[in-house]
Structures are given as structure tokens and as C-alpha cells.
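Engineer: Provided below for reference: sequence and predicted model.
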Amino acid sequence: MTELRLVAGVDCSTQATKVLVCDAETGAVVREGRAPHPDATQVDPAEWWKAWETASDGLLDGVQAIAIGGQQHGMVLLDEAGEVVHPAVLWNDTSSADATTELLAELGGPEAWAEAIGSVPVPSFTVTKLRWIRDEAARAEAVGAAEGAAVADVAAMRRDAARRAAAVLLPHDWMTHKLAADRSGIEGITTDRGDVSGTGWWSPTTNSYRTDLVELAFGRQLQLPRVAGPAEIVGQTAFGAAIAAGTGDNAAAALGLDLQPGDVAVSLGTSGTAFARSAHPTKDATGLVAAFADATGEYLPLVCTLNAARVMSATAQMLGLELSAFDEAAITSPGSNGLVLLPFLDGERTPDLPHSTGLIYGLTRATMQPATMARAAVEGLLCGLADAVDALRDQGVPVQRVLLLGGGARSRAVQALAPALLGAEVVLPEPAEYVALGAARQAAWALSGAATPPTWQVPLGKPEPGITVDAATIRANYEQVLTNTRPLLSQPYN
């Protein structure tokens, strides 16, 4: 019997590290492990390494290549010795909202940014976090003893971090660098097109850095990782495995799903995303579509929302229902009867409303029912994602079918309502860790030396039968409430 060639893929996500060991030829999962991350928007990267060690324990025998898929946008600052100088500021930290406004204006507005990098930065983007840490360091100079010891300590830490910072990396870059036994300090740091395209200082159109934007944000230059090729081997682990370039989580998921032209992946996890492969770069001055690159040498136009599956879990908690009972209530409700829920519970990235809160409109005695509220929550979640899919259409991305995935895709109500509200056929990939699977497929590609990734089958399951609803009215009600309340939602909530 022929011995399997094994590869490993890692998903270093917001919530956990997941490790899959796969057959390099077929993608069949042989072993897997998982370990949680702290629930915070600023995290010591050492926590990711601890989670990796726990999740990978006992799994790596025989692994010949490995790749990291990481949460996008997170800012990791290193000094000359390669030491982390500040907790990583993650994509879902909106502290840089004011910094984003400043940067947009300083370059000349959204159109100038779209021309420079294909995207309009929002507080998730790394470039805004770099400006935020610079501003925090400047403010720290004014902090005195009267502010209190704890405040003074944080101020001193940020001032020191800005002074010592020599290189800026993304989470997947840092994990890759940490895995490489043949590197030291900040020499040899690498990234890839898929992840670096979410920083705000790299152009997918020209495949090059805009170092002037780093200086605009931070006031001086920092060392940036070399952008490795999609199937490049960038190092070797202490256990002798080749390290592939790795990529951002969405690009890894696209690789794991083997997205084809006409496919749009809609993922309902902590965040909501809609993305598709494209042979051509996009430029969206509205800021809705981020012009990312993918992990194969092409492009990955993407729309991201901050609020997805947790909209349903939070509404279920408010209603005093278990999630299964909430789902049953939503799918059996005769409708939302004009009740609209804007699901911006954690602020919002798309539309760009970082200070916003959720909003319920249309409360009457008839609509103040658990089933109606449950249906409105699912409809509100899907209307936000329908806007995302429409934004891709507006950029010329064909939408023939939607691949629905993520924890929220397990909801029967989501599956039943999605075809009508998203305006496309919906298919349901079998539940899997597609980010880790995509990273493993990249590792297999790098190991093979082939021109294209290996062909791995993606099994599809049957979604819940669709429900006939008046999608046009549901979406019109949602858009009307959003338009009329947007000035209120744009203001900080106290």
C-alpha cells in the first residue's frame, strides 16, 4: 500500500486555531485539532502560538508541508529583534474609526484610495490601525500621573511600541515567521498577495507596495514582508516540513472551496463575507467592495460585514430561546409583517458605520411576537448580505450560484430564505474547516511544484427547501429604514 503524502493547513482565526492534516492528493482529512483564542479585539500573538501548540499536538508526524491561513487585517508590530511590541490589533477592533476618517481625507478622499489600492479603507484595514497607534503614542506624551497608574501604563506601552516598531506584519505572516526554523529577528519575513491586499498599502493592480501610504499612516517607514508567490516554499519548520506562503482567511477559504467563475461564497461566521474569484482587479470608490487578491495569482473582490451569525444567537438570547427553537420560530413564522431589524450590533464595516448600534423598526402589538422577531432577525442578517452580493454584481462579478457556509449557514431559516433574498441558486458545501482546508491545499500545491493546485472534491449538501416570500418588499423596507436612520447611526452612541 502506498504511503500517504501528508500536508497540514492551519486556520489562525479570530476565535481559535484549527489544524487539519490532509492527504496531499485527495484532500481527505486524516487528523485534526483545535484550541481557542482569547475573546478580545487586541491579543498578544503569543496566545496564537500557544493555541497552535495545543491544536497541533500529536498531529504532525509525517507532515511534509504546511501553510497558515490567518485572520485578515490584524496589525502585529515587531522590533529589530523580532519581538512583539504591542498586542495585535485585530480586524474587529474599531478604535481606528477616527484615524480612518483622517487618512481618507489626507490622501484626497475615497476615489484617491480606490485608485491607489483598489479599496477604500475602513477601520478594519491595517493602515488605519497603524495611524491609530501613532496617534495614541502622541497622546501618551500628554498623559500624567493624574490620569491614574493604569492609564499611564497603557500610554507608556503605546508610546514605547511606536518608538520601537521596526516591522509590521499580519497574523498569518507572524505565524509563518514563527514556524520557520531558518529565520531570526525580522529577516526573511514574508506574506502573500491574498493577505497583503487587505493592509491598505499594497496594490493588487500593480502587484506592488505603496510605501508612501505606510509613511502617511505612521510618519515613517517600517520593514514590510516580501510578497511570496502563490505556490512558493518560504521556509522550513523545526520538524522538517516545508512552509508554503500561506494567505488570508478569505483567500484560503476560496482555495478550499475551489470557487469557479459564477460562484459567490457567502459566509456567516463571526463576520459575514461575500466574495468571488475574478480574473481582473476591481476598484470601488463607494468602499463597499474591497479589491483583494486571491491565493492563486488572481483576484478576490470581497464585501465584509461585522455582524453575522451572532445576530441570530443574540436575538435568541433576547427572546429567551435556545438557538434551535429560535430557528424553528423563524422558519415557521408567516412573515415579519414589516418589522425590520438592522443588525449592526457590534458597529458595522459595510456599510461603514463603526459607531452604529442595532435598530428595530416597526414595532406594534402584532409584531412584538417571538416568531416575528426571529424572522426579522434572519431577514435583517440576509438583507445585509444581499446588499453585499449586489455590490459584487455592480463590479461586474457574475453571480450564478451562492455557496452558503459558516456556522450561521446551518440555520434552516437562513437556508430557506437565502435564495429569494440573495437572488441566486443556493448550494450548501458540507460543513468543513475551509480556511484550514484551503491552507492545506496550498501546502500540497507548493509541495508538488505543479503549475496549478491539486484537484480536491468539495462535497455539496442539500439546503432547506426555499420559502416563497416577497423579497422585493422585505429588501425595500430594509433599505428604507437604513437610509432614513443612517444619520443617527453615523453618530457615536453614548
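Structural biologist: Arrived safely. Predicted model, so just to flag it, every value in this text is computed and none were measured. Residues are numbered from 1 along each chain as shown.
Engineer: can you count the residues close to residue 77?
Structural biologist: Counted by other C-beta atoms under 10 Å, the residues lying close to residue 77 total 26. Placement of C-beta: from N, CA and C, glycine included.
Engineer: That one should be in a helix, yeah?
Structural biologist: No: looking at residue 77 with DSSP: H, G, I helix; E, B strand; the rest coil, it is strand, so not inside a helix.
Engineer: Without its sequence neighbours, what residue ends up closest to it?
Structural biologist: Of all residues not flanking residue 77 in the chain, residue 165 sits nearest, at 4.3 Å (C-beta to C-beta, 6 or more residues apart in numbering).
Engineer: Repeat that for residue 140.
Structural biologist: In space, residue 140 is closest to residue 155, 3.6 Å off (C-beta to C-beta, 6+ apart).
Engineer: Could you do residue 323 as well?
Structural biologist: Using C-beta to C-beta, 6+ apart and skipping the chain neighbours, the partner closest in space to residue 323 is residue 316 (5.1 Å).
Engineer: residues in contact with that neighbour?
Structural biologist: By C-beta atoms under 8 Å, 6 or more residues apart in numbering, the contact set of residue 316 is 322, 323, 325, 326, 374.
Engineer: Could you pull out the strands in the stretch 51-200 of the chain for me?
Structural biologist: Per DSSP state E, counting those that start in this stretch, the stretch 51-200 of the chain carries strands over the ranges 63-70, 76-78, 88-89, 167-169, 190-192.
Engineer: I'd like to know which of those is closest to residue 465.
Structural biologist: Proximity to residue 465 (C-beta to C-beta) singles out strand 63-70 among the strands of the stretch 51-200 of the chain, at 33.1 Å.
Engineer: quick one on the thing from earlier: mind putting the strands of the stretch 51-200 of the chain into TSV with mean pLDDT and distance to residue 273?
Structural biologist: Output for the strands of the stretch 51-200 of the chain, formatted as TSV (pLDDT from 0 to 100; distance: least, C-beta to C-beta, whole Å):
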stretch	mean pLDDT	distance to residue 273
strand 63-70	98	14
strand 76-78	98	22
strand 88-89	98	20
strand 167-169	98	22
strand 190-192	98	18
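Engineer: So which of the ones you listed is nearest residue 438?
Structural biologist: Once the strands of the stretch 51-200 of the chain are compared by C-beta to C-beta, strand 63-70 is nearest, at 6.0 Å.
Engineer: thinking again about what came up before, quick check: which of the strands of the stretch 51-200 of the chain is buried the most?
Structural biologist: Mean neighbour count (mean count of other C-beta atoms under 10 Å) peaks for strand 63-70 among the strands of the stretch 51-200 of the chain, with a mean of 29.
Engineer: roughly how far is that one from the heart of the chain?
Structural biologist: Remark: strand 63-70 is offset 19 Å from the chain centroid, using C-alpha atoms, centre = their mean, to the nearest Å.
Engineer: List the strands paired with that strand, with their directions.
Structural biologist: Next to strand 63-70 in the sheet, as set by DSSP bridges, lie strand 6-12 (parallel), strand 242-244 (parallel), strand 247-248 (parallel).
Engineer: could I get these as CSV with mean pLDDT, mean neighbour count and distance to residue 441?
Structural biologist: Listed next are these as CSV, based on pLDDT from 0 to 100; neighbours: other C-beta atoms under 10 Å; distance: least, C-beta to C-beta, whole Å:
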stretch, mean pLDDT, mean neighbour count, distance to residue 441
strand 6-12, 98, 30, 7
strand 242-244, 98, 26, 10
strand 247-248, 98, 36, 11
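Engineer: need the helix or strand of this structure with the lowest average pLDDT.
Structural biologist: Using mean pLDDT, DSSP states H and E, helix 149-164 stands out as the lowest-scoring helix or strand of the chain, at a mean of 85.
Engineer: Only the buried residues of that helix, if you could.
Structural biologist: 155, 157, 158, 159, 161, 162 (16 or more other C-beta atoms under 10 Å).
Engineer: pretty sure the first one is touching residue 135, no?
Structural biologist: No: because the distance of 12.0 Å does not satisfy C-beta atoms under 8 Å, residue 155 is recorded as not touching residue 135.
Engineer: list the contacts for residue 442?
Structural biologist: 9, 67, 230, 231, 244, 245, 246, 247, 252, 255, 295, 453.
Engineer: and if you look at residue 66?
Structural biologist: Neighbour list for residue 66: 7, 8, 9, 10, 179, 237, 241, 242, 243, 244, 443 [criterion: C-beta under 8 Å, 6+ apart].
Engineer: same thing with residue 299?
Structural biologist: Applying C-beta under 8 Å, 6+ apart, we find residue 299 in contact with 204, 277, 278, 279, 280, 281, 282, 291, 292, 293.
Engineer: export those to TSV and tack on distance to residue 492, secondary structure and neighbour count?
Structural biologist: Putting those into TSV (distance: C-beta to C-beta, whole Å; DSSP: H, G, I helix; E, B strand; the rest coil; neighbours: other C-beta atoms under 10 Å) gives the following:
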residue	distance to residue 492	secondary structure	neighbour count
204	33	coil	26
277	38	coil	24
278	36	strand	22
279	41	coil	8
280	38	coil	12
281	35	coil	20
282	31	coil	23
291	29	strand	24
292	29	strand	28
293	34	strand	30
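Engineer: can you map out the strands along the stretch 251-400 of the chain?
Structural biologist: Ranges of strands in the stretch 251-400 of the chain, per DSSP E, counting those that start in this stretch, are 263-268, 272-275, 290-293, 299-305, 340-342, 359-361.
Engineer: if you average pLDDT over the second one, what comes out?
Structural biologist: Right, strand 272-275. Per-region confidence: strand 272-275 scores 95 on mean pLDDT.
Engineer: Output the contacting helices and strands for that strand.
Structural biologist: helix 249-257, strand 263-268, strand 299-305, helix 370-394 (3 or more C-beta pairs under 8 Å, 6 or more residues apart in numbering; DSSP states H and E).
Engineer: and these, which is most packed in?
Structural biologist: Neighbour counts (mean count of other C-beta under 10 Å) averaged over each of these peak at helix 249-257, with a mean of 30.
Engineer: Just the angle for it relative to strand 263-268, thanks.
Structural biologist: 120 degrees (axes from the mean of the first three to the mean of the last three C-alpha atoms, to 10 degrees).
Engineer: So what's the gap between helix 249-257 and the chain middle?
Structural biologist: Worked out by C-alpha atoms, centre = their mean, helix 249-257 lies 11 Å from the chain centre.
Engineer: could you give me the average pLDDT of it?
Structural biologist: Computed over helix 249-257, the average pLDDT equals 96.
Engineer: With stretch 322-336 instead?
Structural biologist: Averaging pLDDT along stretch 322-336 gives 97.
Engineer: List the buried residues in it.
Structural biologist: 326, 327, 328, 329, 330, 331, 333, 335, 336.
Engineer: do stretch 345-354 as well
Structural biologist: 345, 346, 347, 348, 349, 350, 351, 352, 353, 354.
Engineer: Need the contact partners of it.
Structural biologist: With C-beta under 8 Å, 6+ apart, stretch 345-354 has contacts from 92, 94, 97, 100, 122-124, 271, 287-288, 303-307, 310-311, 314, 344, 355-358, 384, 387-388, 391, 482, 486, 489-490.
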